[in-house]
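Visitor: one predicted model, sequence on top.
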Amino acid sequence: MPNPIGTKVYYKRLSDGHEGYVRRHEILGEIKPECMPDWAVKKLAVLQAEKDTAQPNKDKKDKGDAR
C-alpha cells in the first residue's frame with residue numbers, strides 16, 4: 001500500500017523491467033494474483049527471489065545495534 005503522505009507510487013514493469021513512478025490519482029487499482037497471466041506470475045517470482053537474495057538478513061540486527 002502506498003504511503004498516504006506521498007503522491008508518488010514507484011513501480012517496476014514486469015514485461016521489460018522499466019522502473020518509474022506515477023501519481024497516486026493515476027492508479028485505477030491492483031490486479032489480483034489469481035487473475036495475473038502465467039508469464040507475469042513467473043516473472044514476479046523471479047524478481048522477488050532476486051530481491052530476497054540481495055537483502056538476506058534485513059530484519060536481523062548486528063550485535064552493536066542491540067542497545
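Guide: Perfect, I can see it now.
Visitor: pull out the buried residues from stretch 39-49.
Guide: Lys43 (16 or more other C-beta atoms under 10 Å). For every residue, glycine as well, the C-beta is placed using N, CA and C.
Visitor: distance from it to the middle of the chain?
Guide: Relative to the chain's own centre, stretch 39-49 is displaced by 11 Å; criterion: C-alpha atoms, centre = their mean, to the nearest Å.
Visitor: touching that stretch from outside, list them.
Guide: Stretch 39-49 has contacts (C-beta atoms under 8 Å, 6 or more residues apart in numbering) with 12, 14-15, 33, 36.
Visitor: try 7 Å this time
Guide: With C-beta atoms under 7 Å, 6 or more residues apart in numbering as the contact definition, stretch 39-49 has outside contacts at 12, 14.
Visitor: let me see the ranges of the strands in the protein.
Guide: Applying DSSP state E to the chain gives strands spanning 8-12, 19-23.
Visitor: in JSON lines: the ones you listed, plus mean pLDDT, mean neighbour count and distance to Val41.
Guide: Below are these laid out as JSON lines (pLDDT from 0 to 100; neighbours: other C-beta atoms under 10 Å; distance: least, C-beta to C-beta, whole Å):
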{"stretch": "strand 8-12", "mean pLDDT": "92", "mean neighbour count": "12", "distance to Val41": "15"}
{"stretch": "strand 19-23", "mean pLDDT": "95", "mean neighbour count": "10", "distance to Val41": "20"}
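Visitor: what would those look like in JSON lines with distance to Asp52?
Guide: Below are the strands of the chain laid out as JSON lines (distance: least, C-beta to C-beta, whole Å):
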{"stretch": "strand 8-12", "distance to Asp52": "15"}
{"stretch": "strand 19-23", "distance to Asp52": "18"}
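Visitor: in the chain, which spans are helices?
Guide: Using DSSP state H, the helices assigned to the chain run over residues 38-54.
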